[in-house]
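Predicted structure and sequence below. I'll ask about it afterward.
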Amino acid sequence: MSVVEDKVTELVNAIQDTNEYKRYQEAKNKLHANPELEQIVFAFRQKNYQIQNSKNVDLFWEVDHLERENIDIRKNPVAEEFMTAELAFCRLLQKINFRLVGGLNFEVGFVNER
């Protein structure tokens with residue numbers, strides 16, 4: 001194995017040892033135990049993803065509308081814990097990604113964006 005592959009394995013192990021990852025896994029398992037709720041949560045997440053990746057929409061209004069439309073989901077403690085844990089874990093992964101990209105002088109944008 002190369003040095004980079006070894007370090008990636010170390011990074012994966014370190015991530016798996018974080019509170020964010022452990023909390024996410026626990027919340028995910030609880031959600032999986034309730035397939036009906038899981039389906040509702042995943043439908044909400046899919047709509048949210050589509051809104052976040054849409055162009056020419058009022059993002060604030062769309063997200064606010066989605067939240068209001070699905071307020072009952074957040075009242076369910078299993079669903080709320082899963083979505084909160086997922087967000088915390090995603091933020092951890094974003095920080096790691098930003099550090100990698102930032103530390104490597106890798107330009108991810110396009111020339112016309114400058």
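Structure received.

Which positions in the lowest-mean-pLDDT helix or strand in the chain come out as buried?
Between all helices and strands in the chain, the lowest mean by mean pLDDT, DSSP states H and E belongs to helix 59-69, at a mean of 83. Neighbour counts over helix 59-69 (16 or more other CB atoms under 10 Å) mark residue 62 as buried. No exception for glycine: its C-beta is placed from N, CA and C like everyone else's.

and it, how far out from the chain's middle?
18 Å (CA atoms, centre = their mean, to the nearest Å).

Give me the contact list for it.
Helix 59-69 is contacted by residues 44, 47-48, 51-52, 54, 74 when judged by CB atoms under 8 Å, 6 or more residues apart in numbering.

before we move on, what about stretch 27-40?
The list of residues contacting stretch 27-40 from outside it, by CB under 8 Å, 6+ apart, reads 41, 73, 76, 78-79, 81-82, 84-86.
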